[in-house]
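Undergrad: next comes the sequence, and after it the predicted model I'd like to discuss.
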Amino acid sequence: MKANRIEKTQHALESSSLDALVLNPGPSMVYTSGLNFHLMERPVVIIFTKNHPPAIVLPELEQQKLVDLPYAIQGFLYGEKPDEWKSAFTNAIQHLGLKDKIIGMEPSRLRMLEFGYLQAADPGAKFQDAGDLISSMRLNKDSDEVSAIRRAVEIAQLALQKTMPLIKIGMTEKELANELTLQLLRNGSEPELVFSPIVSGGLNAANPHAVPGERKLQAGDLLVIDWGAVVDGYVSDLTRTFAIGEVDAEFQKIHKLVQEANSAGREAGKPGLPCAKVDIAARSVIEKASYGEFFTHRTGHGIGMEGHEEPYIRSDNYQILQPGMAYTVEPGIYLPGRNGVRIEDDMIITATGSECLSDMPRELVVIG
């Protein structure tokens, strides 16, 4: 599969105006080459061209990662002395014949560290945004990728199911988040999670991206849990909202609305329709009930090797849904200073419609 990805990258370059594509450590490097490095003080870049095997600049201590790869690659190694690093970049650029050429890069990933060495190695090069080219390669998941996401969903759901009996009044958000993280690892998730679980209760639940803290769960809280697992580099991203004891009538009402909006969004996804249709389907349920101002984010986002990637499910995005696209449907209502609700599921577009990969109950479960 890695060798096929090399060819896929070269074909993408052939249909573009770019002479080369440079990537530093991150999901796109893993996707295209199968090589995984941590971002660190030592720069690492892989460079793809249309007609040559890829070249990689990396420290000598990482060279064993190039052994037994199923494709040809040229390594340009450097030692521990930073004043020698520039020459490795220069040698790679010269080897590939890229002097004064057009080089694509990933703006959301390429650091100034690597960019500086590339510029110094080739002052005449023109660097362009290749984000769309990279997204187009990663957008439509194949069967292996879908299987990995599906397994990540299964692990995430199992982890929360095993955590739920431990939830009780007086437990802190941080304690619950830590326990859920432990269960994710115990049940098969890769250790490097794309995001730490979001656990927020009561007034903190009104913050969509709250950070679990020392607040203790209290009777009357809505409890939002947003979590996910990682399998073979692919992620799941789910949210469920629970009630801690009895919650007041309005909180029950907004939970029901979000549940209906989630259902409408899940049903709306079909090949050939724009992403906007999914957002509008979910959002209209909440707007008709006069809670639209409290649904403060898009309905969803793509998932794959990153927790947030294309396609983005928002009302102004007319990108057409296609088989293999994976995304979330996660409407929410957030009442500032009071409580909040979000229900999130993972979807995959099929040849004839869409499939929901997650099946954990969405009803308001009362705990405690």
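TA: Structure received. Residues are numbered from 1 along each chain as shown.

Undergrad: the stretch 201-350 of the chain: strands as residue ranges?
TA: Taking DSSP state E, counting those that start in this stretch, the strands of the stretch 201-350 of the chain run over residues 222-227, 230-231, 234-235, 238-244, 300-302, 309-313, 326-329, 332-335, 339-342, 345-349.

Undergrad: partners of Glu344 in the sheet?
TA: With DSSP bridges as the criterion, Glu344 is bridged to Thr239.

Undergrad: that one against Gly307, yeah?
TA: No: using CB atoms under 8 Å, Glu344 makes no contact with Gly307, being 11.5 Å away. For the C-beta atoms, the positions are set from N, CA and C on the backbone; glycine is no exception.

Undergrad: now the helices for the stretch 201-350 of the chain?
TA: 249-268, 275-288 (DSSP state H, counting those that start in this stretch).

Undergrad: so where do the helices sit in the stretch 51-200 of the chain?
TA: Counting by DSSP H, counting those that start in this stretch, the helices of the stretch 51-200 of the chain are 85-95, 112-121, 131-138, 143-163, 173-186.

Undergrad: export these to TSV and tack on distance to Pro70?
TA: Shown next, in TSV, are the helices of the stretch 51-200 of the chain (distance: least, CB to CB, whole Å):
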stretch	distance to Pro70
helix 85-95	21
helix 112-121	26
helix 131-138	18
helix 143-163	15
helix 173-186	30
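
Undergrad: using CSV, please lay out these together with distance to Glu355 and mean neighbour count.
TA: Output for the helices of the stretch 51-200 of the chain, formatted as CSV (distance: least, CB to CB, whole Å; neighbours: other CB atoms under 10 Å):
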stretch, distance to Glu355, mean neighbour count
helix 85-95, 43, 19
helix 112-121, 39, 17
helix 131-138, 19, 17
helix 143-163, 9, 20
helix 173-186, 23, 19
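
Undergrad: of all these, which one is nearest Lys256?
TA: helix 143-163 (21.1 Å; CB to CB).

Undergrad: hmm, back to that, which residues are in contact with each of Glu344 and Gly307?
TA: Asp237 (CB atoms under 8 Å, 6 or more residues apart in numbering).

Undergrad: have a look at those two and say which one is more surrounded.
TA: Shown here are Glu344 and Gly307; by other CB atoms under 10 Å, Glu344 has more neighbours (27 against 18).

Undergrad: so who does the nearest residue to Thr296 once chain neighbours are set aside touch?
TA: Leaving aside its chain neighbours, Thr296 sits nearest to Tyr334 (6.1 Å; criterion: CB to CB, 6 or more residues apart in numbering). Under the criterion of CB under 8 Å, 6+ apart, the neighbours of Tyr334 are Ala205, Ala206, Asn207, Pro208, Phe294, Phe295, Thr296, Gly340, Val341.

Undergrad: what subset of the residues you listed is buried?
TA: The neighbour-count test (16 or more other CB atoms under 10 Å) marks Ala205, Ala206, Pro208, Phe294, Phe295, Gly340, Val341 as buried among the contacts of Tyr334.

Undergrad: tell me who's in contact with the third one.
TA: Okay, so that is Pro208. Contacts for Pro208 (CB under 8 Å, 6+ apart) come out as Thr296, His297, Gly332, Tyr334, Gly340, Arg342.

Undergrad: switch the cut-off to 7 Å
TA: By CB atoms under 7 Å, 6 or more residues apart in numbering, the contact list for Pro208 reads Thr296, His297, Gly332, Tyr334, Arg342.

Undergrad: in JSON lines, list the residues you listed along with pLDDT.
TA: Shown next, in JSON lines, are the contacts of Pro208 (pLDDT from 0 to 100):
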{"residue": "Thr296", "pLDDT": "97"}
{"residue": "His297", "pLDDT": "98"}
{"residue": "Gly332", "pLDDT": "98"}
{"residue": "Tyr334", "pLDDT": "98"}
{"residue": "Arg342", "pLDDT": "98"}
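
Undergrad: what is the nearest of these to Val224?
TA: Proximity of the contacts of Pro208 to Val224 was ranked by CB to CB; the top entry is Arg342 with 5.5 Å.

Undergrad: excluding its backbone neighbours, what's nearest that closest one?
TA: Distances taken as CB to CB, 6+ apart place Gly332 nearest to Arg342, at 3.6 Å, with adjacent residues excluded.

Undergrad: what distance do you get for the one you found to Ser236?
TA: From Gly332 across to Ser236, the span is 18 Å (CB to CB, to the nearest Å).

Undergrad: thinking again about what came up before, taking the buried ones among the contacts of Tyr334, tell me the two that lie furthest apart.
TA: For the buried ones among the contacts of Tyr334, the maximum inter-member distance is 14.2 Å, found between Ala205 and Phe295 (CB to CB).

Undergrad: contact partners of the worst-scoring helix or strand of the chain on mean pLDDT?
TA: Least confident helix or strand, the chain: helix 2-14 with a mean of 91, by mean pLDDT, DSSP states H and E. By CB under 7 Å, 6+ apart, the residues outside helix 2-14 that reach it are 21, 31-34, 48-50, 54, 70-71, 133, 136-137.

Undergrad: for stretch 259-277, same thing?
TA: With CB under 7 Å, 6+ apart, stretch 259-277 has contacts from 278, 281-282, 285-286, 299, 311-323, 329, 331, 343, 345, 347, 349, 351, 353-354, 356, 362.

Undergrad: mind giving me the PyMOL command for buried ones among these?
TA: Buried residues among these (16+ other CB under 10 Å), as a PyMOL selection:
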select buried, resi 278+281+282+285+286+299+311+312+313+314+315+317+319+321+329+331+343+345+347+349+354+356+362
